[in-house]
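A.B. asks: Following is a predicted model, sequence given first.
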Amino acid sequence: MDSQANKEKKVVSTIEKVVMYFMYALFGFMNIGVILSGEFNSLFVTIPITVLSLGLTNWGMKWQNERYIRSAENQDNIDSLKKIIINLEKRITDLEEK
């Protein structure tokens with residue numbers, strides 16, 4: 001059985017790839033448009049915005065995805081503890097019946 005953390009890792013890595021490819025395409029087309037327009041002075045504005053936006057987006061997504069994965073790992077740990085408690089309750093009731 002797949003754990004919740006493994007499922008979460010697969011989902012968030014896929015979402016991260018899709019969003020980052022979209023961001024690369026968006027800013028790539030924007031900078032290519034600036035270059036083709038001949039307004040090279042505008043690159044002094046668009047390049048720093050591109051670098052800052054891509055960096056912050058990538059960092060923010062990795063940070064958020066780590067939080068999701070930690071939460072899923074905690075949920076897996078709670079489920080395993082729940083199984084242990086159920087087994088202990090069964091053993092206690094069996095001992096009480098004897």
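C.D. replies: That came through, no problem. Numbering: from 1, shown residues only.
A.B. asks: I'd like to check what contacts stretch 26-34. Which residues are they?
C.D. replies: Under the criterion C-beta atoms under 8 Å, 6 or more residues apart in numbering, residues Phe40, Ser42, Leu43, Thr46, Ile47, Thr50, Ser53, Leu54 lie in contact with stretch 26-34. All C-beta atoms are positioned from the backbone trio N, CA, C, and that covers glycine.
A.B. asks: Surely the third one touches Ser37?
C.D. replies: No. Look at Leu43 against Ser37 with C-beta atoms under 8 Å: they stay out of range, at 10.5 Å.
A.B. asks: The two - which one has more neighbours?
C.D. replies: Remark: of Leu43 and Ser37, Leu43 carries more neighbours, 13 against 9, as counted by other C-beta atoms under 10 Å.
A.B. asks: just to revisit the earlier point, just the buried members of the contacts of stretch 26-34?
C.D. replies: Thr46, Thr50 (16 or more other C-beta atoms under 10 Å).
A.B. asks: Format the contacts of stretch 26-34 as a markdown table; extra columns: distance to Leu95, pLDDT and secondary structure.
C.D. replies: Output for the contacts of stretch 26-34, formatted as a markdown table (distance: C-beta to C-beta, whole Å; pLDDT from 0 to 100; DSSP: H, G, I helix; E, B strand; the rest coil):
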| residue | distance to Leu95 | pLDDT | secondary structure |
| --- | --- | --- | --- |
| Phe40 | 82 | 87 | helix |
| Ser42 | 78 | 89 | helix |
| Leu43 | 77 | 89 | helix |
| Thr46 | 73 | 93 | helix |
| Ile47 | 72 | 94 | helix |
| Thr50 | 68 | 94 | helix |
| Ser53 | 63 | 95 | helix |
| Leu54 | 62 | 94 | helix |
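A.B. asks: Would you mind measuring from the residue nearest in space to the middle of the chain to Ala72?
C.D. replies: Per C-alpha atoms, centre = their mean, the C-alpha nearest to the average position across the chain is that of Asn65, at 2.5 Å. Separation of Asn65 from Ala72 (C-beta to C-beta, to the nearest Å) stands at 11 Å.
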